[in-house]
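1. What follows is a predicted protein model with its sequence.
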Amino acid sequence: MKEREVKLGRTLSSLIERGGYSGNRRDILTALDISPAALSQYARDQTRPSFQKLVALADFFGVSLDYLVFGEVGVPEVGQGVSTGYIESTWQQVAANTRRHSALVGRMGRVLADRVDEVARELANSPTAGREGLIQDDEAARIERFCLSVDILTLNLDYDMVLLPDGSAAAGRFMDVVATNLLAGCDYRFLVPVGAEHVIEQFRILLTERVGRDLVSRNCSFRRTAQPVYSGIAIYRLNMDKLAAEDPALLAQMQDYIGVQGELGYTIRPNEDLNNDMMMSREHRDRAKAAFNALWTSGRLE
């Protein structure tokens, strides 16, 4: 026998509305001796009533159990005892499945909670944990999505763009983040040393293909400095409300290195053997910001 779809919630909601009980359900509650919350849960298929409550509902609305449970008017012509027995058996099966599902969800919740706690302890003891002052590339990309402004001193833009052997350029690991942020109104300032001018034009072309020339011209600035540069830095100004709402775990991990105005700075590693950059303390971040502004002011506009 093909299993029939249980439509109690939809049928009950329809009966309540058609019977004029949407605004006042007191008669239903009194007849069934249930709470308003229980009735709402029945109508939303969040819980299943007992078979006795099911019979009481059918009697109250003057419908058959078959119609109430399955939403079907036409039923096979069988004896009342057979029909009632079939419905009660089906309902008991549905209730049993619901109990099994609830128990399974509960067990899964406990297992997941234990696993989350275990992973949290592993991360807390890891040398790459945020509290140790290190930030990985994927974490930097995640948190950069919440930037209002970004200042980057870079030797060659190699995190945003990849130079290919034939001299052409392709998008790097941070290119999509930069493009998305520009579309959201984030301001970028890229500062490069003398000799890296060619990468600016290639990077500008890749960005323009993604967000358009006007947006790149308005929200993305480039300058080169004549001062010697041996390492890169990144300084973010974060939208703290958005970060707290959308990625609270990341905020909790990085919050010791974020200033009161949402400032976060880190030094860009000088080799590809590592996957971590070093976050700055407040004092180092303030000095880095001042140094960047000085280089930017004296730099040549590209």
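-> Arrived safely.
2. Quick check: phi and psi at Ala234.
-> Note on Ala234: its backbone torsions stand at phi -130, psi 130 [degrees, to the nearest 10].
3. Do you know the pLDDT at it?
-> Confidence at Ala234, expressed as pLDDT, is 97.
4. Val82 now?
-> Looking at Val82, its pLDDT reads 47.
5. swap in Val105?
-> 77.
6. so it is in which element?
-> Using DSSP states H and E, Val105 falls within helix 80-125.
7. Where does pLDDT dip in this protein?
-> Along the chain, the parts satisfying pLDDT under 70 run over 1-3, 72-99, 117, 119-131.
8. Tell me where it has strands.
-> Remark: strands assigned in the chain by DSSP state E are 134-136, 147-153, 161-163, 169-171, 187-193, 220-225, 232-238, 263-268, 276-279, 300-301.
9. Select, out of the ones you listed, the one closest to Ala58.
-> Within the strands of the chain, the stretch nearest Ala58 is strand 232-238; the backing value is 58.0 Å (Cβ to Cβ). (Glycine included, C-beta is placed from N, CA and C.)
10. just checking, what packs against that closest one?
-> On a contact count with 3 or more Cβ pairs under 8 Å, 6 or more residues apart in numbering; DSSP states H and E, strand 232-238 meets helix 137-144, strand 147-153, strand 263-268, helix 282-298.
11. Relative to Val211, which of those is closest?
-> Closest approach to Val211 among the helices and strands packed on strand 232-238 (Cβ to Cβ): strand 147-153, 14.6 Å.
12. gap between the closest one and the chain center?
-> Relative to its chain's centre, strand 147-153 lies at 22 Å (Cα atoms, centre = their mean, to the nearest Å).
13. do the same with stretch 261-280
-> Taking the mean of its C-alpha atoms, stretch 261-280 sits 24 Å from the chain's own mean (Cα atoms, centre = their mean).
14. Can you list the neighbours in contact with it?
-> Residues outside stretch 261-280 that contact it (Cβ atoms under 8 Å, 6 or more residues apart in numbering) are 128, 130, 133-137, 140, 143, 148, 154, 159, 230-240, 243, 254, 257-258, 284-285, 288-289.
15. want to throw the strands of the chain into CSV with distance to Gln52 and mean neighbour count?
-> Formatted as CSV, the strands of the chain follow (distance: least, Cβ to Cβ, whole Å; neighbours: other Cβ atoms under 10 Å):
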stretch, distance to Gln52, mean neighbour count
strand 134-136, 58, 19
strand 147-153, 60, 21
strand 161-163, 69, 18
strand 169-171, 65, 16
strand 187-193, 66, 21
strand 220-225, 69, 19
strand 232-238, 57, 22
strand 263-268, 61, 21
strand 276-279, 63, 20
strand 300-301, 81, 10
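16. Could you say which one of those strands comes nearest to Ala38?
-> strand 232-238 (45.6 Å).
17. can you give me the angle that closest one makes with strand 187-193?
-> Using axes from the mean of the first three to the mean of the last three Cα atoms, to 10 degrees, the direction of strand 232-238 lies 170 degrees away from that of strand 187-193.
18. Which neighbours in the sheet does strand 232-238 have, and how are they oriented?
-> Looking at strand 232-238 with DSSP bridges, its partner strands are strand 147-153 (antiparallel), strand 263-268 (antiparallel).
19. As CSV, those strands with distance to Ser102 would be great.
-> Formatted as CSV, those follow (distance: least, Cβ to Cβ, whole Å):
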stretch, distance to Ser102
strand 147-153, 43
strand 263-268, 43
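20. what about stretch 270-277, start to end distance?
-> For stretch 270-277, the first-to-last residue distance is 9 Å (Cα to Cα, to the nearest Å).
21. Tell me which residues of it come out buried.
-> Within stretch 270-277, the residues scored as buried using 16 or more other Cβ atoms under 10 Å are 276-277.
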